[in-house]
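S.K.: what shape does this take:
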Amino acid sequence: MATTPVSVETREVVRCEFCKLVQFRTSNSLCRKCHKPLDNEEPAPLPQLVTSQPAAPSAEAGLQVSQQVRDIRRARHMSQRQLAGRMQVPRTYISKIENGKAVPTLGSLERLAAALGVHICQLVRDERSRRDEEVAAILADPFLAEIATLLPHLSLVHRTLLSGAVRDAAMGHRRTA
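M.R.: As a prediction, the model looks like this:
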């Protein structure tokens, strides 16, 4: 009896590092169960888009919006529940916005501004721009603009006297009205 040499193909047995399945190596070297690579080597990282500014909104911007929402809501004498009803959202969402735990989307900011009866710019402005607007509104009055130009030339005593006289005049006007 003659023996003929037979070529037996050997197949590599491997274990998947992810799902732990023991299997023969496939032609594409991917696991039969989880389809992850069977090689222990890390796959080459995919190219990442590099931006100059962070994609996520900063916490500081969120806090400015939250403070503005709270201040305007309180100035309008509205409760969180009333504001939420106008926006048709849960009251807890308003609370999260005011506490800086949620940053509203642009659509939510538009609805929030409409519910508060303000322009959307008032919700996203910072403290400096708000102060500049208040100063501009005060200086728009000719009487107050004239007083503002004279105040730097007054001593502390004269400023106190002027302030007291204006206060007394305003309180006297309230009593007679």
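S.K.: now the strands: where do they sit in the chain?
M.R.: 13-15, 22-24 (DSSP state E).
S.K.: buried deepest among those strands, which one?
M.R.: strand 13-15 (a mean of 13; mean count of other C-beta atoms under 10 Å). (Glycine included, C-beta is placed from N, CA and C.)
S.K.: mind giving me the packing neighbours of it?
M.R.: With contacts defined as 3 or more C-beta pairs under 8 Å, 6 or more residues apart in numbering; DSSP states H and E, strand 13-15 has these neighbours: strand 22-24.
S.K.: lowest average confidence, helix or strand, in this protein?
M.R.: Scoring the helices and strands of the chain by mean pLDDT, DSSP states H and E places helix 127-139 at the bottom, with a mean of 77.
S.K.: buried residues, that one. List them.
M.R.: By 16 or more other C-beta atoms under 10 Å, helix 127-139 has no buried positions at all.
S.K.: now it, how far from the chain's geometric center?
M.R.: When C-alpha coordinates are averaged (C-alpha atoms, centre = their mean, to the nearest Å), helix 127-139 and its chain have centres 24 Å apart.
S.K.: for residue 34, see how far away the nearest residue to residue 32 once chain neighbours are set aside is.
M.R.: Of all residues not flanking residue 32 in the chain, residue 23 sits nearest, at 5.6 Å (C-beta to C-beta, 6 or more residues apart in numbering). According to C-beta to C-beta, to the nearest Å, residue 23 and residue 34 sit 11 Å apart.
S.K.: now swap in residue 158 and tell me
M.R.: Distance, residue 158 to residue 34, using C-beta to C-beta: 83 Å.
S.K.: re the thing from before, can you pull the contacts of the residue nearest to residue 32?
M.R.: 13-16, 31-33 (C-beta atoms under 8 Å, 6 or more residues apart in numbering).
S.K.: what's the answer for residue 94, then?
M.R.: Taking C-beta under 8 Å, 6+ apart, one finds 69, 73, 80, 83-84, 87 in contact with residue 94.
S.K.: domain assignment for the chain?
M.R.: Per automatic domain parsing, the structural domains of the chain span 59-125, 129-168.
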